[in-house]
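J.: sequence first, predicted coordinates after that:
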Amino acid sequence: MVKITGEYQGDLHCQATHGPSGSTLETDAPVDNQGRGEAFSPTDLAATALATCMLTIMGMAARRLNIDIKGARFEVTKEMSTDLPRRIVRLGTQIWLPVPQSADPNGVLERAAHTCPVHQSLHPSIERPVVLHWKK
């Protein structure tokens, strides 16, 4: 179990503290929803959690395969609903891998991306396409 604590700072800003490490992060409401966009919004953190979770689980799988994916990069695009209730409707993720696809002929890394805990925890109505870009 991990405990995360937080405090509302006012003006639509929050600060959260990760119990085990003491690391902190701040959030702000997005510009299109009354905020100033000065930090990650809570839904930005959901998008970030998805992509970093994918890379973490892929890193674990790569380690088992003796493949080094250090330097792998991601881009996640978050799309919000245009109707109410306001919600995430799509998280499109692209991952650039520093290895050729031939390094993973059985598709272990791609399966790892799709089975990360955040991917599995998102509501099924959220579209979650994933594109892997392998080194040429």
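T.: Happy to help now that I have it. Numbering: from 1, shown residues only.

J.: any buried residues in the stretch of helix or strand Gly92 belongs to, and which?
T.: Secondary-structure element containing Gly92, defined by DSSP states H and E: strand 88-96. Residues Ile88, Leu91, Thr93, Ile95 are the ones in strand 88-96 that count as buried (16 or more other Cβ atoms under 10 Å). Yep, even glycine has a C-beta here, placed from its N, CA and C like the rest.

J.: now the strands for this protein?
T.: Applying DSSP state E to the chain gives strands spanning 4-10, 13-18, 24-28, 73-80, 88-96, 130-133.

J.: tell me which of those lies nearest to Leu122.
T.: Each of the strands of the chain was checked against Leu122 via Cβ to Cβ, and the shortest separation belongs to strand 88-96, namely 7.4 Å.

J.: average pLDDT for that closest one?
T.: Strand 88-96 comes out with an average pLDDT of 98.

J.: between it and strand 73-80, how many degrees?
T.: Relative orientation of strand 88-96 versus strand 73-80 (axes from the mean of the first three to the mean of the last three Cα atoms, to 10 degrees): 170 degrees.

J.: okay, now the domains of this structure?
T.: 1-40, 41-136 (automatic domain parsing).

J.: give me whichever of those is most buried.
T.: domain 41-136 (a mean of 15; mean count of other Cβ atoms under 10 Å).

J.: start and end of that one, how far apart?
T.: Its first and final residues considered, domain 41-136 spans 35 Å by Cα to Cα, to the nearest Å.

J.: scan this protein for its longest helix.
T.: Longest helix of the chain, by residue count under DSSP state H: helix 42-64.
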